[in-house]
Structure formats: structure tokens, C-alpha cells
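> whatever this is, show me its structure:
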Amino acid sequence: MKGKHDNNQWSLKFNTASLVLIPAAVGINYIGKLFAGVLKLPLWLDSIGTCLAACLAGPLVGAIAGVANNIIYGLTMDPISTVYALSQAAIGIVVGLMAYYGKMESLRNIILTGILTGIAAVLVSTPLNIIFWGGTTGNLWGDLVYAGALSQKLPVWVASSLDEIVVDVPDKLVVLILAAGLYKGLPKSLLSLYQSNSKIENLD
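Numbers count the residues shown, from 1 in each chain. Now for the predicted structure:
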């Protein structure tokens with residue numbers, strides 16, 4: 001069921017607020033990734049800004065913010081990150097669509113969105129992991145699962161999928177809860193600047 005707004009979720013009419021949101025989302029993603037890296041968490045936390053942008057301004061802005069994030073990170077830190085812009089685009093699209101159709105209004109639906117977003121990230125990232133990394137993710141916790149799966153003689157694609165699942169699904173659950181919390185904390189005057197169809201009312 002759609003939310004209470006009638007705006008086209010695929011609109012390409014970017015207003016100033018949407019354009020400002022993209023670099024802000026990239027900055028939030030950077031902070032999340034840095035936080036997770038410093039604490040060596042079994043999570044990425046690098047798509048909080050992407051999800052927030054998708055909730056505010058729709059799937060296209062979310063996808064653009066995610067792609068921009070990985071391109072910038074790839075140019076400044078790790079070149080291989082650029083190819084994972086595809087994963088960030090998928091995240092932005094899934095979250096933006098779920099928000100547009102009113103599926104971010106309760107904790108239950110936020111968890112559902114997190115699971116679907118995690119699955120989308122797994123489907124996009126696993127082939128990339130196999131192509132560029134032999135199937136690993138580079139995350140210590142996930143790669144332990146990968147090594148364990150290979151020790152049980154499971155195919156590489158299964159081991160790589162499990163590696164990605166144990167990191168991406170929990171990560172997206174945490175990311176969506178954080179993004180929803182940030183969304184709830186924004187003033188209504190700021191929310192009115194965006195033409196999103198999201199409807200986040202409570203977390204219970």
C-alpha cells in the first residue's frame with residue numbers, strides 16, 4: 001500500500017535540498033565506515049547515508065548518493081571500492097521503494113526492509129567478491145565463515161554467499177534502524193523540502 005504522498009518516486013526533478021543531501025549522505029557513509037573499521041565491528045555501516053537519502057528523497061537520489069559514495073571512496077582510498085557502487089545503488093533503490101510505499105513506519109517493517117536490503121546487497125556483491133577477491137569480503141568475521149564453508153567442501157559460490165550474508169544482513173538491519181532514527185529526529189520543516197513518499201512514525 002502506498003504512503004500518503006502521491007509524488008512519483010522515480011522523479012528526476014532534483015531540488016536544491018536533494019542536491020545538498022547527496023554529499024551529506026556520502027559524509028555520513030564515510031563516518032559509519034570509519035567507525036566500523038576503527039572498532040573492527042562485524043559490520044560495514046557504510047550505507048547509513050544512502051538509506052537516509054533514499055528515505056528522504058526516493059530511490060534514485062538514494063542510489064546516486066550510494067554510487068557517489070563508492071566512487072569517491074574508490075578514488076581516494078581503495079580503487080576496488082568503485083565496483084561496489086553497484087551494491088550501494090541496489091541498497092538505495094530497495095530502501096527508497098520501501099519508504100515510498102510506507103514500509104518504514106514501524107520497527108517490524110524497518111526490520112523487513114533491512115532484510116530485503118541485505119538480500120539485495122548479497123545478490124549484487126557476491127559475484128563481485130568472486131570476481132575480484134576469490135569469494136571473500138575482506139571482513140574478518142565473514143571470511144571466517146567463508147573459510148569454514150570451504151573446509152566443509154562447499155562450492156566457492158556458496159561459501160562466498162554465506163560470507164556476504166553473515167555480514168550484510170545484520171549490517172543492513174542496524175543501518176536501517178539507525179537511518180530511521182535519524183529520519184525521525186529531523187525537523188518537519190526539513191522533511192517538507194523533500195518529495196519522498198516515506199512515512200516513519202514510530203519504532204514500536
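> contacts and neighbour counts: CA atoms only from here.
Will do.
> quickly find the element holding the closest residue to Val145 other than its chain neighbours.
Of all residues not flanking Val145 in the chain, Asp163 sits nearest, at 5.6 Å (C-alpha to C-alpha, 6 or more residues apart in numbering). Counting by DSSP states H and E, the secondary-structure element that holds Asp163 is helix 156-185.
> and that helix, what does it pack onto?
helix 48-57, helix 107-133, helix 140-151 (3 or more C-alpha pairs under 8 Å, 6 or more residues apart in numbering; DSSP states H and E).
> so which of these is the most packed in?
helix 48-57 (a mean of 32; mean count of other C-alpha atoms under 10 Å).
> ok and it relative to helix 156-185, angle-wise?
For helix 48-57 against helix 156-185, the angle by axes from the mean of the first three to the mean of the last three C-alpha atoms, to 10 degrees is 60 degrees.
> surely the residue nearest to Val145 and Thr137 touch.
Yes. With contacts defined as C-alpha atoms under 8 Å, Asp163 counts as touching Thr137 at a distance of 6.8 Å.
> got any residues that touch both of those two?
With C-alpha atoms under 8 Å, 6 or more residues apart in numbering applied, the overlap between the contact sets of Asp163 and Thr137 consists of Asp143.
> more crowded one of the two?
The neighbour count for Asp163 versus Thr137, taken as other C-alpha atoms under 10 Å, is higher for Asp163 (29 against 22).
> from Thr117, how far out is the more buried one?
Distance from Asp163 to Thr117, counting by C-alpha to C-alpha, to the nearest Å: 16 Å.
> okay, the closest residue in space to Val158 that isn't next to it in sequence and Lys40: tell me how far apart.
Taking C-alpha to C-alpha, 6+ apart as the measure, Val158 lies nearest to Ala149, with 7.8 Å between them; neighbours along the chain are not counted. From Ala149 across to Lys40, the span is 22 Å (C-alpha to C-alpha).
> isn't Ser81 up against Ile71?
Yes. Contact status for Ser81 versus Ile71: in contact at 7.2 Å, counting by C-alpha under 8 Å.
> what does the lowest-mean-pLDDT helix or strand in the chain contact?
Using mean pLDDT, DSSP states H and E, helix 188-191 stands out as the lowest-scoring helix or strand of the chain, at a mean of 87. Contact with helix 188-191 is made by Leu56, as judged by C-alpha under 8 Å, 6+ apart.
> quick one: that helix to chain centroid distance?
A distance of 23 Å separates the centroid of the chain from that of helix 188-191, by C-alpha atoms, centre = their mean, to the nearest Å.
> now do the buried residues in that helix.
Burial within helix 188-191, assessed by neighbour count using 16 or more other C-alpha atoms under 10 Å, is assigned to no residue.
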